[in-house]
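Asker: Okay, predicted coordinates and the sequence, questions at the end:
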Amino acid sequence: MRRLINAVSYVCFIEWAIIVGSLTVASRLFRAHRQYANPMIVEVPLRCVTDLEVTLFASSITITPGTLVAAIASGSSSQPPVLFVHALFEDSEESALEGLYDMESRLLAMTRGRGPSTAAHTVKEPDWEEGSS
């Protein structure tokens, strides 16, 4: 029963995000003498582990106006999967990550029947070395 409630809650959350995102895109068109967007790409280490969770999360991001998953890096036994998300209207990387981790927490509550076991701020970001691919 809890998963059903979390699923309905998540669908309502995504529908609300679509409405707010659409209004943001439309309202930014009519801003005189101000920048339309503040585009950025943020790296999001995931707490999602299954293919279903990663796919649902990436789809949820992409369906929301103003955001798009640009790439997915698969995880390993020592590192989580990583999404690279293009966000148009966020003021900072921190605010973008905060919104994305909120969405991920809601998704994990739906798929697992409970929230994630680790907080978003405790996820260790991958260490990328210069010149490695």
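Answerer: Thanks, I have it.

Asker: Got phi/psi on residue 72?
Answerer: phi -130, psi 130 (degrees, to the nearest 10).

Asker: quick one: low-confidence ranges for this protein?
Answerer: Scanning the chain for pLDDT under 70 picks out 115-133.

Asker: At which residues are the strands of it located?
Answerer: 40-45, 67-73, 82-87 (DSSP state E).

Asker: quick one: buried residues of the lengthiest helix in the chain?
Answerer: Longest helix in the chain, counting residues (DSSP state H): helix 2-28. Under the neighbour-count criterion of 16 or more other CB atoms under 10 Å, helix 2-28 has 6, 10, 13, 14, 17, 21 buried. All C-beta spots, glycine's among them, are computed from the backbone N, C-alpha and C.

Asker: list the contacts for the fifth one?
Answerer: So the one you mean is residue 17. Contacts here follow CB atoms under 8 Å, 6 or more residues apart in numbering; on that basis residue 17 touches 64, 103.

Asker: Begin at 48 from now on, thanks
Answerer: Happy to do that; since the first residue is 48 now, the last one works out to residue 64.

Asker: Could you tell me how many residues sit around residue 94?
Answerer: Neighbour count for residue 94, taken as other CB atoms under 10 Å: 22.

Asker: these two touch, right, it and residue 154?
Answerer: No - Residue 94 is not in contact with residue 154 according to CB atoms under 8 Å; the separation is 9.5 Å.

Asker: which residue is nearest the centroid of the protein?
Answerer: residue 147 (3.2 Å; CA atoms, centre = their mean).

Asker: So that residue sits against residue 105, correct?
Answerer: No - with contacts defined as CB under 8 Å, residue 147 does not count as touching residue 105, sitting 10.9 Å away.
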